[in-house]
Structure formats: structure tokens, C-alpha cells
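*Asks:* model this:
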Amino acid sequence: MTDSTQKTKTAGLEDTMSRGGAVARTVQSLVDGAERLNLKYAARGNPPVYPTDDFPWAREVESEWRLIRAELDEVLVRKGDLPAFHEISSEVRSISSDQNWKTFFLCGYGIKSEEAIRQCPETWRILQKIPGMKSAMFSIFEPGKHLPPHRGPYNGVLRFHLGLLVPPEPDKIGIRIADRTCHWEEGKALIFDDAYEHEAWNHSTGVRVVLFVDFEKPLAFPANLTNKAVLNLAVFTPFIREGYKAHKAWEKMFYGAGQKHR
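*Replies:* Numbering: from 1, shown residues only. Down below sits the predicted model:
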């Protein structure tokens, strides 16, 4: 390779990286602007934790929690085969890299797990009660799990937890959102803004499981439109695409093995 050819290739790589960086900066600028609008036009304010009754559908979901729990129990028969969250979501690796936070994924930002939906049809039916649902999964904390303080990447969604399997040790199990510490209860909803710093722990000897859902934050015009646009673009991000590929590979192994065991 001649010096001139090497220089041309180097210049081309630098130009590509520069353009890639410019695109990233533009996208980040758009997201930053959307976040400012979300704060200004929040229909129910911007508290770290929301009263459950601010969302009438949450009480409807609570009323059918035992149907979800029954399907969860079937999933947990093969708990050891479920993926750790960081194996599916690369973004999680900065806060969790062990096998003590497992997940059973149903949907996320335009992508669905048809196998999981077939396995948990009542859960999927009940999830349709949640307006603007963007993602849903079972979130499983093994004994001893502690997620360090962290923040979500974007304030255009709120998080809904429904307690499904919670050891009766509130002094050892909880979640802190900003300056408020909350405790899960079986059959009870917890709705919070994960854009605030939060951490969660299970220092009990039992497994803790919640139904974990992100849904669109209620916003007034024009923030509601810009927020939908930002959220609809999420499916095209490397984070979502990589997670989809990882999950499809896991599904092939999990459900293939499940067929052999029948």
C-alpha cells in the first residue's frame, strides 16, 4: 500500500467518524430539546413517584394480578434458563454484569416476542390496558441483588412496576427514587420516573419479581408529538437492534430446548 493510498483511507475514515459524530450530536440535541419540552408540558407534573390513582388503568391491572402471577409461576419453572438482563441489553452492563438480574421479555419499542406472548396470553391481554406501553417484561431479582444508583436515558417515559413475587421482608427489599424509598407489594402498582436517580435492592433470601413496564409520559401539546417521534425512532437505534438480535438468539435456544423436553 502506497503512502498516498494510506493517507486517502485514513482521511476517509476520519471523515466518516466526523460525520458519524455530527449525526450523534444532532440526535442528542434533538433529545435534549424534547426532554425540556417534556418537563414543561408534563400533564401530571414531574414528581419522582406518582400516586397510583393518577392512572385509573393501574387499578384495573392490579385487579387481575393473580392471572399474571400464575403465568409467571410457569415461566419460573425454568428460571435458570432465563437470560441475565445485561445479556440482552448492552446498556445495562454499566450497572449489572452478574446473573442475579434476570428478565423475561414480552415487548420493547416496536419489537414483540411472539413466543413469550403465546406463553403468557393473559399477561399480554392485561398489558393492553396500559396506554402508550413501550416495553414490558418480568424483572427478576435473585437474593442479594443490588442495582447501584443510576438514571434512565430519557424522560419521555414513566415506569410501572407491579409486584408479583415479593418476600415479606420490606426492611431488606426496596427501591429508592430520588429521596424517596418505596417497597413493592404483591398485587400493588408502583409508578415512577426513572429519569431521576434510583437504585434497587433485594437483600432477602427470596426471589423478587415485578412486571416491569415503560409507558409514554402523559404530556400536553406540543410535547406529546415530539415525544412520540423520539420514542418511535428508538427501534432504529443500535441499542434496540442489538438487543433484538441477542434476544432472538436466546429464544431459539430456550424454546427449542423446551420443545425437546416435552
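*Asks:* What are the neighbouring residues in contact with V213?
*Replies:* 127, 130, 133, 135-136, 159-162 (Cβ atoms under 8 Å, 6 or more residues apart in numbering). C-beta: built from backbone N, CA, C; applies to glycine.
*Asks:* Narrow those to those in strands?
*Replies:* Counting by DSSP state E, the contacts of V213 place 133, 135-136, 159-162 in strands.
*Asks:* Using JSON lines, lay out those together with pLDDT, neighbour count and distance to A42.
*Replies:* What follows is the ones in strands among the contacts of V213, written out as JSON lines (pLDDT from 0 to 100; neighbours: other Cβ atoms under 10 Å; distance: Cβ to Cβ, whole Å):
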{"residue": "M133", "pLDDT": "98", "neighbour count": "18", "distance to A42": "19"}
{"residue": "S135", "pLDDT": "96", "neighbour count": "19", "distance to A42": "20"}
{"residue": "A136", "pLDDT": "98", "neighbour count": "26", "distance to A42": "23"}
{"residue": "R159", "pLDDT": "98", "neighbour count": "21", "distance to A42": "15"}
{"residue": "F160", "pLDDT": "98", "neighbour count": "25", "distance to A42": "16"}
{"residue": "H161", "pLDDT": "98", "neighbour count": "19", "distance to A42": "20"}
{"residue": "L162", "pLDDT": "99", "neighbour count": "26", "distance to A42": "23"}
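*Asks:* Low-confidence stretches in the chain?
*Replies:* The chain contains residues with pLDDT under 70 at 1-24, 26, 257-262.
*Asks:* quick one: the helices in it?
*Replies:* Assigned by DSSP state H, the helices in the chain fall at 3-40, 56-63, 65-76, 85-88, 114-119, 121-127, 223-233, 238-260.
*Asks:* Would you tell me which one of those is buried the most?
*Replies:* helix 85-88 (a mean of 22; mean count of other Cβ atoms under 10 Å).
*Asks:* Show me what that one is packed up against.
*Replies:* For helix 85-88, the elements it packs on are strand 101-108, helix 238-260, judged by 3 or more Cβ pairs under 8 Å, 6 or more residues apart in numbering; DSSP states H and E.
*Asks:* how about I130, what does it touch?
*Replies:* The neighbourhood of I130, defined by Cβ under 8 Å, 6+ apart, consists of 57, 61, 160, 213, 215.
*Asks:* give me that answer again for 6 Å
*Replies:* Contact analysis of I130 by Cβ atoms under 6 Å, 6 or more residues apart in numbering lists 57, 215.
*Asks:* Can you give me the distance of it to Y255?
*Replies:* Using Cβ to Cβ, to the nearest Å, one gets 26 Å for the distance from I130 to Y255.
*Asks:* thinking again about what came up before, nearest to A246, out of the contacts of V213: which one, please.
*Replies:* S135 (15.0 Å; Cβ to Cβ).
*Asks:* now for the helices and strands packed on helix 85-88, which one comes closest to H146?
*Replies:* Between the helices and strands packed on helix 85-88, strand 101-108 lies closest to H146; by Cβ to Cβ that is 9.8 Å.
*Asks:* ok and that closest one relative to helix 238-260, angle-wise?
*Replies:* Angular relation of strand 101-108 and helix 238-260 on a 0 to 180 degree scale: 100 degrees, by axes from the mean of the first three to the mean of the last three Cα atoms, to 10 degrees.
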